[in-house]
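K.L.:
Structure for this input, please:
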Amino acid sequence: MAGRIREEDIAEVREKARIDDVVSQYVTLRNAGGGSQKGLCPFHDEKSPSFNVNPSRGFYHCFGCGAGGDVIDFVMKIDGLNFGEAVERLAEKSGVVLRRIDDDGGDHRPKGPQRNRLIEANRVAQEFYAEQLATPDALTARQFLSERDFDQAVAAHFGIGFAPREGEALFRHLRGRGFTQEETVEAGLVAVGRSAYDRFRGRLLWPIRDASGDTIGFGARRIFDDDRIEAKYLNTSETKIYKKSQVLYGIDLARREIGRSSQAVIVEGYTDVMACHLAGVGTAVATCGTAFGDDHARVLRRFLDDRDGSRGEVIFTFDGDAAGQKAALRAFGGDQNFASQTYVAVEPDGLDPCDLRIKKGDEAVRGLVADRVPLYRFVLSNVVGKYDLDRADGRVDALREGARLVSSIRDKSKVDAFSRELAGMVGLDPDEARAEVRRASHRRPPEPGAQQAATTAP
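P.N.:
Just a heads-up that it's a prediction; the model follows:
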């Protein structure tokens, strides 16, 4: 729509969109006295909170990086919007009707579909897919859910849907709702070959939402044997609103519980998130078709109120097989992303949370998380366990490999503690372990573990 938004409408948006309510969708805020609140800055990486919000004045300020402004400035910066887009988004959520006046200076809106249109297209698509789950063609999809003990109410709670096998069903629906072909393509919902066609066809779909609850993409599982695309999961490609390195499935449902408990459980798949939440582990999230990395850690830390490590917990769940052990090694490399304590939860029979809930019930899922072990102990135990510690040469070899691992961590304040833990596992003097770690440090540079992943695709 052309024209400038009326100044009085912008003022009404500032008045009605409470900055503490908006900011708390992205950051865990705690009372800081004097009517202000504080939390970890979402705009730079920090371990001590320097981000302050003053609800009475309607302003925020970070004493660490200097970012600051009102509620509109915050939304512009956090979601990468221009001024008009931020006002429109806040107006929609606050119930403010925006009026515009003609501007003879021309139309200076950004090229391409605006962000709010992409969000709206994904919202309409989610509703369409959810409706399709009840159709006869979706019988296989419903059976998939039923076999995992997910009934209709559960599917509705998580917004699960079904993409018709017909190639243009969603595209026609979106066009009927007034979306242009360009908007549907930019939203990641439609692709264009000889003609426009739905990106997801004949698959079970999970809506992927941001922390505020807006649908920004989808994860799609293969359920038909004749699906010409062999990949078990397809995910929305990178768009203006969907950045896979920053997206966590379930964060919209988990963020408040993560902030309340200062605990986050990282699982490997969409159904694992569902199983955890249904079993009472409401802090579970998962990556979406990519591995857990530094950007995911930064997203989580905002909600964890991750400060001094005294009470926060990050719990990774891995399969007990070789792949799970490899994932744990990568997670160990990125351990320094958190001030919170890091743990691993592994089910002895190798069951993931979804299968565990099916076979052993909700209590077993809660027990899996409760029986977590420190990440460093799990990793070192796997390394040491490969050697015969009854033999002197086995102990030496175990110490050497363990020392290489310990020397690779970035947070050198943890090296001594890990060295002592390693010495106890191997059955050697702590001074020997420290010396071997020092030698390992000199042999090669630290491994770039923090750039590696901790979980696999769903």
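K.L.:
contacts and neighbour counts: CA atoms only from here.
P.N.:
OK.
K.L.:
which residues does the residue nearest in space to the middle of the chain bridge with?
P.N.:
What sits nearest the mean C-alpha location of the chain, by Cα atoms, centre = their mean, is Leu248, with 1.8 Å. Taking DSSP bridges as the rule, Leu248 bridges to Thr287.
K.L.:
For the host helix or strand of Phe128, the averaged confidence score.
P.N.:
According to DSSP states H and E, Phe128 maps onto helix 115-132. The pLDDT scores in helix 115-132 average 95.
K.L.:
do stretch 276-283 as well
P.N.:
On average, stretch 276-283 scores 98.
K.L.:
got it, and stretch 331-342?
P.N.:
Here the average pLDDT along stretch 331-342 is 70.
K.L.:
for stretch 20-38, same thing?
P.N.:
92.
K.L.:
buried set for the helix holding Phe128?
P.N.:
115-126, 128-132 (16 or more other Cα atoms under 10 Å).
K.L.:
who are the neighbours in contact with Arg377?
P.N.:
Contacts for Arg377 were tallied using Cα atoms under 8 Å, 6 or more residues apart in numbering; they are Glu421.
K.L.:
Backbone torsions only: list them for it.
P.N.:
Backbone dihedrals for Arg377, given as degrees, to the nearest 10, come out at phi -70, psi -40.
K.L.:
can you pull up the bridge partners for Ala345?
P.N.:
Here Ala345, judged by DSSP bridges, has bridge partners Thr317.
K.L.:
one step back: how much space separates the residue nearest to the centre of the chain from Ile266?
P.N.:
9 Å (Cα to Cα, to the nearest Å).
K.L.:
what is in contact with those two at once?
P.N.:
285-286.
K.L.:
Regarding Asp416, what is its secondary structure?
P.N.:
Assigned by DSSP: H, G, I helix; E, B strand; the rest coil, the conformation of Asp416 is helix.
K.L.:
Quickly find the element holding the residue nearest to it when sequence neighbours are not counted.
P.N.:
Excluding its sequence neighbours, the residue lying closest to Asp416 (Cα to Cα, 6 or more residues apart in numbering) is Arg434, at 7.0 Å. In this assignment (DSSP H and E), Arg434 forms part of helix 430-443.
K.L.:
Report the buried residues of that helix.
P.N.:
Quick answer for helix 430-443 (16+ other Cα under 10 Å): 430, 433-434, 436-438, 440-441.
K.L.:
Any chance of JSON lines for these, columns pLDDT and distance to Phe218?
P.N.:
Formatted as JSON lines, the buried residues of helix 430-443 follow (pLDDT from 0 to 100; distance: Cα to Cα, whole Å):
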{"residue": "Pro430", "pLDDT": "91", "distance to Phe218": "50"}
{"residue": "Ala433", "pLDDT": "91", "distance to Phe218": "48"}
{"residue": "Arg434", "pLDDT": "92", "distance to Phe218": "48"}
{"residue": "Glu436", "pLDDT": "92", "distance to Phe218": "48"}
{"residue": "Val437", "pLDDT": "91", "distance to Phe218": "45"}
{"residue": "Arg438", "pLDDT": "91", "distance to Phe218": "47"}
{"residue": "Ala440", "pLDDT": "88", "distance to Phe218": "45"}
{"residue": "Ser441", "pLDDT": "84", "distance to Phe218": "44"}
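K.L.:
out of those residues, who's nearest Arg6?
P.N.:
Nearest to Arg6, judged by Cα to Cα, of these is Ser441 at 62.6 Å.
K.L.:
Of all the residues in stretch 364-381, which ones are buried?
P.N.:
Neighbour-count burial for stretch 364-381 [16+ other Cα under 10 Å]: 364-366, 368-369, 372-373, 375-381.
K.L.:
From these, which land in strands?
P.N.:
Val373 (DSSP state E).
K.L.:
any low-confidence regions in the stretch 101-250 of the chain?
P.N.:
Low-confidence segments of the stretch 101-250 of the chain (pLDDT under 70): 102-112.
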